[in-house]
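Q: Next comes the sequence, and after it the predicted model I'd like to discuss.
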Number of protein chains: 2
Amino acid sequence: MKALKDLDIEKNIINLIEWISKYGKTSDDGITRLLYTDTWKDAQEALKQLLNEKGFMTYYDEVGNLFGKLEGCKYKDETILTGSHIDTVVNGGKLDGQFGIIGGIIAIKYLKEKFGKPLRNIEVVSMAEEEGSRFPFTFWGSKNIVGAVERKDMEGIKDVDGIKFTEAIEKSGFKFKEKNSEIRDDLKAFIELHIEQGGVLEKEKKSIGIVEHIAGQKRFMVEVEGEANHAGTTPMGYRRDAMHGSGKMIAQIMDLAKDYGDPLVATVGRVEVVPNTTNVIPGKVVFSLDIRHVDSEVVTNFINEAFLKLKDIAKDMDLKIKVNRYMDGEPVAMDTDLVNIIKRQCQENRLNYKLMHSGAGHDSQVFAKHIPTSLIFVPSHKGISHHYTEYTEAKDLAEGVKVLIKILYNLAYMDKQH
Amino acid sequence: MKALKDLDIEKNIINLIEWISKYGKTSDDGITRLLYTDTWKDAQEALKQLLNEKGFMTYYDEVGNLFGKLEGCKYKDETILTGSHIDTVVNGGKLDGQFGIIGGIIAIKYLKEKFGKPLRNIEVVSMAEEEGSRFPFTFWGSKNIVGAVERKDMEGIKDVDGIKFTEAIEKSGFKFKEKNSEIRDDLKAFIELHIEQGGVLEKEKKSIGIVEHIAGQKRFMVEVEGEANHAGTTPMGYRRDAMHGSGKMIAQIMDLAKDYGDPLVATVGRVEVVPNTTNVIPGKVVFSLDIRHVDSEVVTNFINEAFLKLKDIAKDMDLKIKVNRYMDGEPVAMDTDLVNIIKRQCQENRLNYKLMHSGAGHDSQVFAKHIPTSLIFVPSHKGISHHYTEYTEAKDLAEGVKVLIKILYNLAYMDKQH
């Protein structure tokens, strides 16, 4: 394969990212592009037109996932899929999601111009939704592709304005799948290019992250109940202070998480104190606990150990605790063969890569349960994501696209992968 | 002195408390009676009429403190004052404040009927305001009596409806003092009867609390700044988690307060987490810290020690802290001679008393800087106060009034106190 024209790829990426970012642009120069809104539809339609102009055959599925196909000449019933999601969070950045689509288009176009028709079909997908920003449901796009969603799941769901999911989908011109079919037989692999949304690659000065696992994620609400009382007239010995107890619990859980070490992460992100008044001893504290790891067993051990600490503190301080688990996502492994191929490619091309896990969820975790899947990261400046200041240097974006080009070449242009 | 007719006193208290509680009664059977409102004015006017009927000479001062006077026959330029405040918090109880007024009326009336004219004048005062519930200013009544308030302090102040303090006072028919005079020369002592507003007397099965000190009170807002980041993609080692740090700080401050022991109390009542989202590492936490003790030096030592811990934690976890003190009240000692007289009286009458401090603020702390002052507590069931469920058994209320009768007798009917 000839040396890639780095500068052209960089320029191409920046131009196309800026172009697609017009759809839903906010005053902060961020993007708000929520599922089935007009800006969302405009973005999908613009992409469709672009794909047509570039010579892709385009089509939507029933729910609005947009596909652009470059047909293969030999294995016509085998398709290599790449892409990501087109929706954003409110006032999100220009890279989360759509970079994987733009990167896919550039990669396939490059391959086509350089090497002509592939042996297998290559498709790029602009998935309808992943963020759960409009409706409280994530991975709408990929879950529909793999047949992992049922119409009844969506029927009660509304957005913040009270608009029903069922209304929104019809208004946008799409519809629920008549039959929630299995994943298409022709799909042989899915490759997703995405920004890291964390600061690890930047901190460790790496250009490429090859994801081995997407972390499992368990979320709990911990309710600590004591007794509200006057802050001045209740001696320390007579208190059942829910905040004192919660402070100890939070400190000990976090210390324990640090002791466990990478890749375990634990976060208490939300804390509600009742009554939350300076001169009243808190009678109740409710805090969230988010735990992620790539190994279910480690998570289970951690949780058991952490909750034992919570119980000890509660008992010691005469507090009641209630723990409610409201999310329980298993870790998902990416395809080992694909990881190895990409790793070798990085080594051959002297790329500065890191084998890593993803602490955030991605469409890849939905695909990985059905077909060989790989997730490739480029750095995020300061780890910022879901914010209009999200940023990755153009050369890093280009590096990601180059890795994508190589793996797509390997999968679609060669008879056997090696 | 003859044995007091206990049952009559109990019945008297209950009847009068229920009667005055009509003014501002809430649907919960609590009271909302805010300064210079119609219900407040009605309550003062009703009390004035009652006092007149009972043979008291009555008068308001300029700001609306109501006085009922029983004239002395010998030391006509010496007055013993008792009473408390007539205002309440929103949906407060029937005892906080007005019990001290009703108790005073019953005590003086009892003394008059039993012993005729005192040597010194005795006055009962129904003070305009103590709670700070309508306007952000506390002790309006007592501060005006001792000459510790200036017109300019009140000029910018508004209630939640935007009504100016200056308008409210005029509308009620009262006015600012023309000249903010010193405390009246004739006032020789102030005795306040009040519910404890804490659970100590009930827990320790005592009927009477003789307050030796009102605790000093310092309040701080502690701002802990870290770095907000993605809960999944930021390894524990790369975090600057403001909640992890705050949890440690809160736990350590509280543990330290327990180690210091009574009467020190420390409370973190209010906690604000930013952005307060389950999947984002908190970038900022602001928490309140309320510290009370009867000895300034102990408070200072505690604060120094506590803040050293905060700084160590912050340094250790790469967090920034800002501490802002927004309240700094010195402890106030009650008059030792009065404490001793009341204590001896309790012993002679085999009353179940406790020498104690008050963790809450009271009008007594305003008077104590000017004249010999004593604060007498009766128990509060479960320590509840500032709530419509506030409750004290009738026999305990009566016990308090009997102690008040005895000390008023001692101060106003005897040539020399002993």
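A: Thanks, I have it. Predicted model, so just to flag it, every value in this text is computed and none were measured. Numbers count the residues shown, from 1 in each chain, chains lettered A, B, ... in the order given.
Q: near chain B, which residues of the stretch 51-200 of chain A show up?
A: Applying CB under 8 Å from any CB of the partner chain, we find that the stretch 51-200 of chain A lies next to chain B at A:Glu196, A:Gln197, A:Gly198, A:Gly199, A:Val200. From N, CA and C alone the C-beta is placed, and that goes for glycine too.
Q: Throw those into CSV and include neighbour count and pLDDT, thanks.
A: CSV is the format used below for those (neighbours: other CB atoms under 10 Å in any protein chain shown; pLDDT from 0 to 100):
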residue, neighbour count, pLDDT
A:Glu196, 28, 96
A:Gln197, 25, 94
A:Gly198, 28, 92
A:Gly199, 23, 93
A:Val200, 23, 95
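Q: The residues you listed: which two are farthest apart?
A: The largest distance within these, taken as CB to CB, falls between A:Gln197 and A:Val200 and amounts to 10.1 Å.
Q: got any residues that touch both of these two?
A: Shared contacts of A:Gln197 and A:Val200 (CB atoms under 8 Å, 6 or more residues apart in numbering or on different chains): A:Gly383, B:Thr233.
Q: Quick one: residues contacting whichever residue of the stretch 201-350 of chain A sits closest to chain B.
A: Residue nearest to chain B within the stretch 201-350 of chain A (CB to the nearest CB): A:Thr233, separated by 2.6 Å. The contact partners of A:Thr233, by CB under 8 Å, 6+ apart, come to B:Glu196, B:Gln197, B:Gly198, B:Gly199, B:Val200, B:Ser358, B:Gly359, B:Ala360, B:Gly383, B:Ser385.
Q: what about it, distance to A:Gly116?
A: Distance, A:Thr233 to A:Gly116, by CB to CB, to the nearest Å: 84 Å.
Q: And for A:Lys284?
A: From A:Lys284 to A:Gly116 the distance is 67 Å (CB to CB).
Q: Which strands or helices does the helix or strand harbouring A:Leu397 pack on?
A: Using DSSP states H and E, A:Leu397 sits within helix A:394-408. Contact partners of helix A:394-408 among helices and strands, from 3 or more CB pairs under 8 Å, 6 or more residues apart in numbering or on different chains; DSSP states H and E: helix A:6-20, strand A:75-85, helix A:98-115, strand A:187-195, strand A:208-214, helix A:336-348, strand A:373-378.
Q: That helix: how far from the chain's middle?
A: Helix A:394-408 sits 19 Å away from the centroid of its parent chain (CA atoms, centre = their mean, to the nearest Å).
Q: Quick one: mean pLDDT over it.
A: Helix A:394-408 comes out with an average pLDDT of 97.
Q: List the buried residues for it?
A: A:396-408 (16 or more other CB atoms under 10 Å in any protein chain shown).
Q: what's the answer for stretch A:149-165, then?
A: Within stretch A:149-165, the residues that count as buried by 16+ other CB under 10 Å are A:Val149, A:Met154, A:Asp159, A:Ile163, A:Phe165.
Q: Now do the contacts for A:Val378.
A: Taking CB under 8 Å, 6+ apart as the test, what A:Val378 contacts is A:99, A:193-196, A:201, A:207-209, A:392, A:396-397, A:399-400.
Q: tally of neighbours for the spatially closest residue to A:Val280 that is not a sequence neighbour?
A: Nearest residue to A:Val280 in three dimensions, chain neighbours excluded: B:Gly269, at 5.1 Å (CB to CB, 6 or more residues apart in numbering or on different chains). Using other CB atoms under 10 Å in any protein chain shown, B:Gly269 has 22 other residues around it.
Q: Quick check, B:Gly269 in contact with A:Gly283.
A: No - using CB atoms under 8 Å, B:Gly269 is not in contact with A:Gly283; the gap is 10.3 Å.
Q: How many residues are close by the nearest residue to A:Gly173 once chain neighbours are set aside?
A: Of all residues not flanking A:Gly173 in the chain, A:Lys41 sits nearest, at 7.4 Å (CB to CB, 6+ apart). Under the neighbour criterion other CB under 10 Å, A:Lys41 is assigned a count of 18.
Q: And A:Lys41, what's its pLDDT?
A: 98.
Q: now do the one 3 residues further on
A: Per-residue confidence at A:Gln44 stands at 98 (pLDDT).
Q: mind listing what it touches?
A: A:Gln44 touches A:Tyr60, A:Gly64, A:Leu66, A:Ile86, A:Ser126, A:Ala128, counting by CB under 8 Å, 6+ apart.
Q: Show the contacting residues for the nearest residue to the fourth one once chain neighbours are set aside.
A: Spelled out, it's A:Ile86. Nearest non-adjacent residue to A:Ile86, counting by CB to CB, 6+ apart: A:Ser126, 4.6 Å away. Contacts for A:Ser126 (CB under 8 Å, 6+ apart) come out as A:Gln44, A:Leu47, A:Asn65, A:Leu66, A:Phe67, A:Gly68, A:Gly83, A:Ser84, A:His85, A:Ile86, A:Gln98, A:Ile101.
Q: run the last query once more with 6 Å
A: Shown in contact with A:Ser126 (CB atoms under 6 Å, 6 or more residues apart in numbering or on different chains): A:Leu47, A:Leu66, A:Ile86, A:Ile101.
Q: Over to A:Tyr23?
A: Each residue near A:Tyr23 by CB under 6 Å, 6+ apart is listed here: A:Thr39, A:Asp42, A:Ala43.
Q: go on, A:His381?
A: A:Tyr391.
Q: hey, what's A:Val124 bridged with?
A: Residues in a beta bridge with A:Val124, per DSSP bridges, are A:Gly68, A:Thr82.
Q: which other helices and strands contact the biggest helix by length in chain A?
A: When chain A is parsed with DSSP state H, its longest helix is helix A:296-316. The contact analysis (3 or more CB pairs under 6 Å, 6 or more residues apart in numbering or on different chains; DSSP states H and E) places helix A:296-316 against helix A:242-260.
Q: any idea whether the residue nearest to A:Ile86 is helix, strand or coil?
A: At A:Ser126, secondary structure determined by DSSP: H, G, I helix; E, B strand; the rest coil is strand.
Q: For it, give its distance to B:Phe56.
A: A:Ser126 is 86 Å from B:Phe56, by CB to CB.
Q: neighbours around the residue of the stretch 301-418 of chain A at minimum distance from chain B, how many?
A: Closest to chain B within the stretch 301-418 of chain A is A:Gly359: 3.1 Å, counting by CB to the nearest CB. Residues contacting A:Gly359 under the criterion other CB under 10 Å number 28.
Q: From the centroid of chain A, which residue is nearest?
A: In chain A, the residue lying closest to the centroid (CA atoms, centre = their mean) is A:His362, at 3.0 Å.
Q: quick one, what contacts that one?
A: By CB under 6 Å, 6+ apart, A:His362 lies in contact with A:Leu375.
Q: A:Val332 too?
A: Applying CB under 6 Å, 6+ apart, we find A:Val332 in contact with A:Ile214, A:Gln365, A:Ala368.
Q: Burial check on the residue nearest to A:Val211 when sequence neighbours are not counted, number of neighbours?
A: The shortest distance from A:Val211 to any non-neighbouring residue, by CB to CB, 6+ apart, is to A:Leu375 (4.0 Å). The number of residues packed near A:Leu375 is 32, by other CB under 10 Å.
Q: And for A:Glu62?
A: By other CB under 10 Å, 13 other residues sit near A:Glu62.
Q: wait, what's in contact with it?
A: Taking CB under 6 Å, 6+ apart as the test, what A:Glu62 contacts is A:Lys175, A:Lys177.
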